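Undergrad: Show me how the following folds:
(one chain, ligands or ions: 2)
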Amino acid sequence: MAAGKNWVLTVTAQTPTNIAVIKYWGKRDEDLILPINDSISVTLDPDHLCTTTSVAVSPAFTHDRMWLNGKEVPLSGVRYQNCLKELRSLANDVEEEEKGIKISKKDWEKLHVHIVSYNNFPTAAGLASSAAGLACLVFSLAKLMNVKEDNSRLSAIARQGSGSACRSLYGGFVKWIMGKEENGSDSIAVQLADEKHWDDLVIIIVVVSSRQKETSSTSGMRETVETSALIQHRAKEVVPKRIIQMEEATKNRDFPAFSRLACADSNQFHAVCLDTLPPIFYMKDTSHRIISCVEKWNRFEGTPQVAYTFDAGPNAVLISHNRKTAAQLLQRLLFYFPPQSEADLNSYVIGDKSILQDAGIQDLKDIEALSPPPEIEDNIPSQKYRGDVSYFICTRPGRGPVVLSDESRSLINPETGLPK
Ligand SMILES: Nc1ncnc2c1ncn2[C@@H]1O[C@H](COP(=O)(O)OP(=O)(O)OP(=O)(O)O)[C@@H](O)[C@H]1O
Ligand SMILES: C[C@@](O)(CCOP(=O)(O)OP(=O)(O)O)CC(=O)O
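TA: Ligands and ions are numbered 1, 2, ... in the order given. Next up, the predicted model:
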């Protein structure tokens, strides 16, 4: 180690979140976080939803510390500790001549780290903050510690922080292979295709509620495995076939097949939640209305225009075939779910606002002037569901983790090693 105690070495990284289109639900090992089935996800564009994490090491630090969204939070949880332990065991020599820093492999056992993280979207609101957060923690520390292992190996570490986090180590379309080994070494994420492979997909997230949910994914899936008779059938008979079909649909950019599989799998996941004792209800009336709206439209067109999928919460993730269908989808959503009269359009539809332009919506008056979609012309609802949606996020498939080398992006003060 360098003689002085004053140096602080930092790394900053940005990591995306992901949405599963074939769901992970149920563990065969709670400590190692090993799933009962494979899953497939789409990584979301970090420009709209991501975690930024800065990590630092200094001989002056007295213990490991973490700050999340501006507040210090404990790092004592077993999941964080398992990730830190494994990363330390894989750490290597680090040398920065101009700063006079020299850390040898064995020093990492004694050195402490500071972790400062910020999510650019609501935390613990069913928008997979734990996936982006844990993946970013593992990725940034691995860079700081000069861990040489590839992203698949890192995914097995992130998996121990939160299962779905392992899929955030890659961009585009990602499969989490459940693996067979008892020690979890083969339960890793692999990239099926990068984000450019199918870049006309547009994703609209309907944020129904950003309040914290009642049943966490961790306890919900434990209760399902303990009490549901359907979950074994799903894991053994249904998912293995769907994984093969979903890989094929992704490879061939076969949207109708992709959509049918994603919708069916989301519905089955919520069915096993309902089959749990006591039953778990993640979706709300608004979620069900969104499903009906998409189903009616897809049926009317004779072929799927949009896929829907819901995680452990009421928010809908809608994947449309291309920009044109995304604009038509947004028109429908704004017709059914207009904002309150005092709302600001700029904060009602966020993310890639060009979809709003394509939909011909410049201000709130344009929303009020939307005509009912043709598929409901004979059955126009007497009331609209004004105010039932908090906001919409327009996004697309996105890239995997990156290191941000621009010092101004760091969340850590390089002099003190504390949050800026
Ligand atoms: N940037 C981050 N860095 C480290 N840990 C994080 C970060 N963001 C979230 N977490 C951890 O994840 C927890 C939230 O996970 P939780 O599963 O409750 O919600 P979610 O991931 O937003 O929703 P869901 O998993 O249902 O999509 C936080 O309490 C925190 O412990
Ligand atoms: C419904 C899901 O989003 C469940 C995610 O569960 P988590 O990864 O949050 O659970 P833990 O492994 O216990 O941390 C489906 C999915 O992402 O595949």
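
Undergrad: from here on, contacts and neighbour counts on C-alpha atoms
TA: Will do.

Undergrad: got the contact list for the nearest residue to residue 163 once chain neighbours are set aside?
TA: Among residues not flanking residue 163 along the chain, residue 33 sits closest, at 6.0 Å (C-alpha to C-alpha, 6 or more residues apart in numbering). With contact taken as C-alpha atoms under 8 Å, 6 or more residues apart in numbering, residue 33 is in contact with 27, 159-160, 162-163.

Undergrad: phi, psi of residue 33?
TA: Torsion angles at residue 33 (phi, psi; degrees, to the nearest 10) stand at phi 60, psi 70.

Undergrad: picking up where we left off before, neighbour-wise, which of the contacts of residue 33 leads?
TA: residue 159 (29 neighbours; other C-alpha atoms under 10 Å).

Undergrad: The residue lying closest to it once chain neighbours are set aside: neighbouring residues, count only.
TA: Using C-alpha to C-alpha, 6+ apart and skipping the chain neighbours, the partner closest in space to residue 159 is residue 166 (4.7 Å). By other C-alpha under 10 Å, the residues close to residue 166 number 32.

Undergrad: what's the answer for residue 285, then?
TA: Counted by other C-alpha under 10 Å, the residues lying close to residue 285 total 11.

Undergrad: where's the residue nearest to residue 163 relative to residue 85, distance?
TA: 16 Å (C-alpha to C-alpha, to the nearest Å).

Undergrad: distance between stretch 115-124 and the chain's centre?
TA: Put simply, stretch 115-124 sits 12 Å off its chain's centre (C-alpha atoms, centre = their mean, to the nearest Å).

Undergrad: so, in contact with ligand 2 or not, that stretch?
TA: No: if you take C-alpha under 6 Å from any ligand atom as the test, stretch 115-124 misses ligand 2, and the best it gets is 9.4 Å.

Undergrad: Only the buried residues of that stretch, if you could.
TA: 115-119, 123 (16 or more other C-alpha atoms under 10 Å).

Undergrad: next one: stretch 219-236
TA: 220-225, 227-228, 230-232, 234-235.

Undergrad: next one: stretch 200-217
TA: Buried, per 16+ other C-alpha under 10 Å, within stretch 200-217: 200-210, 217.

Undergrad: taking those residues one by one, which sit in helices?
TA: residue 217 (DSSP state H).

Undergrad: Of the buried residues of stretch 200-217, which ones also sit close to ligand 1?
TA: Within the buried residues of stretch 200-217, those near ligand 1 by C-alpha under 6 Å from any ligand atom are residue 217.

Undergrad: Make a markdown table out of the buried residues of stretch 200-217 and add distance to residue 51.
TA: A markdown table is the format used below for these (distance: C-alpha to C-alpha, whole Å):
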| residue | distance to residue 51 |
| --- | --- |
| 200 | 24 |
| 201 | 22 |
| 202 | 21 |
| 203 | 19 |
| 204 | 19 |
| 205 | 17 |
| 206 | 20 |
| 207 | 18 |
| 208 | 21 |
| 209 | 20 |
| 210 | 17 |
| 217 | 20 |
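
Undergrad: What about the nearest residue to residue 24 once chain neighbours are set aside, how many residues nearby?
TA: Spatially, and ignoring its direct neighbours in sequence, residue 24 is nearest to residue 39 (5.4 Å; C-alpha to C-alpha, 6+ apart). By the criterion of other C-alpha under 10 Å, residue 39 has 25 neighbours.

Undergrad: Residue 39 against residue 20, yeah?
TA: Yes: counting by C-alpha atoms under 8 Å, residue 39 touches residue 20, with 6.9 Å between them.

Undergrad: how about the residues of this protein near ligand 2?
TA: The chain has residues 20, 23-25, 33, 162-164, 217-218, 311-312 near ligand 2, with proximity defined as C-alpha under 6 Å from any ligand atom.

Undergrad: Those residues in strands, which ones?
TA: Applying DSSP state E to the residues of the chain next to ligand 2, the entries found in strands are residue 20.
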